[in-house]
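Colleague: Dropping a prediction and its sequence here:
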Amino acid sequence: MALVEIRNLTRWFKKGDEVITPLDDIDLDVEKGDFISLMGPSGTGKSTLLNVVSGIDQPQSGSVRVDGVEITKLSRGQLADWRAANLGYIFQTHNLIPVLTAHENIELPLLLLPLSGADRRRRIELAMEAVGLTDRAHHYPRQLSGGQEQRVGIARAIVAHPKVVVADEPTGSLDAETSQQIQVLLQRLNQELEITMLMVTHDDHIAAIASRQLRLDRGKIIETGNTGKSHFPLVAGSR
Ligand SMILES: Nc1ncnc2c1ncn2[C@@H]1O[C@H](COP(=O)(O)OP(=O)(O)OP(=O)(O)O)[C@@H](O)[C@H]1O
């Protein structure tokens, strides 16, 4: 059984008199440890797919099963609990809370889980180490560079040890060099920590680091590449 099993998924929206169907009877299996990139023209439904997989949005029909749990059947409250324990979300503009330090921002998802203070601290330290930011724990977002802020956003997404991490254009607002560093980080998290990732991007270069490349167009998913493992060369000293 795949970690994520999407079957006959359909999501449509009404726009005035018109009905648009960004996801039209889609099937997709995501295996544990996959790093998937999802590309496609603007407005085709990539974010919609991430939102449905995250349980933020509900499809009209079809099913999304994550590690055996049929999330489309969960109530709002059950979904909130499920999301806190199982799903990490990396945003394009990291969405950090300005009045909280890096450490406190990363802690947020853990406050929804039954963990002791000591367990929380341990997990935050591990996540900060994984993204290479241990020396910035007590800095506020305004004291961090764009790349460091995104690292905090990534640490927050992985801190609860989720089964799946979804990323919506994680390098979309970064310059080329910082974007490259974040690409290396995402690939390392996938390869070394076996974090399963589903990432939307408009950038061919970042799409190429994924182990599977998908394209969404006119409601359908097409697999355009599958190397079996992510293959971006890890650059020494780039962590
Ligand atoms: N809540 C909503 N209500 C109505 N229409 C919506 C809603 N959410 C998305 N849509 C429409 O569904 C289509 C797909 O949107 P979505 O944001 O998923 O596309 P996308 O591929 O992520 O686009 P982009 O690459 O520009 O971010 C668009 O036409 C959008 O306007």
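Modeller: Perfect, I can see it now. Quick caveat, the model's predicted, so the values are computed rather than measured. Numbering: from 1, shown residues only.
Colleague: so after the helix or strand hosting A155, what's the next helix or strand?
Modeller: Using DSSP states H and E, A155 sits in helix 146-158. Using DSSP H and E, the helix or strand that directly follows helix 146-158 along the chain is strand 164-168.
Colleague: What residues sit buried inside the helix or strand following that following strand?
Modeller: Using DSSP H and E, the helix or strand that directly follows strand 164-168 along the chain is helix 176-193. Buried residues in helix 176-193, counted by 16 or more other CB atoms under 10 Å: 178-191. Just so you know, the C-beta spots here come from the backbone N, C-alpha and C atoms, and that holds for glycine as well.
Colleague: Using CSV, list the CA coordinates for helix 176-193.
Modeller: Extracted as CSV, the C-alpha positions of helix 176-193 are listed here (Å, rounded to 0.1, in the frame of the first residue of the first chain):
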residue,chain,number,x,y,z
ALA,A,176,19.0,32.2,-7.2
GLU,A,177,21.8,31.5,-4.7
THR,A,178,19.4,31.1,-1.7
SER,A,179,17.1,29.1,-3.8
GLN,A,180,19.9,26.7,-4.6
GLN,A,181,20.7,26.3,-0.8
ILE,A,182,17.1,25.5,0.0
GLN,A,183,17.0,23.0,-2.9
VAL,A,184,20.0,21.2,-1.4
LEU,A,185,18.4,21.3,2.1
LEU,A,186,15.1,19.8,0.8
GLN,A,187,16.9,17.1,-1.0
ARG,A,188,19.0,16.3,2.0
LEU,A,189,15.9,16.1,4.2
ASN,A,190,14.4,13.7,1.7
GLN,A,191,17.5,11.5,1.3
GLU,A,192,18.8,11.5,4.9
LEU,A,193,15.6,11.7,7.0
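Colleague: What's the per-residue pLDDT of the residue nearest in space to the middle of the chain here?
Modeller: Closest to where the C-alpha atoms of the chain average out (CA atoms, centre = their mean) is V166, at 1.7 Å. We have a pLDDT of 97 for V166.
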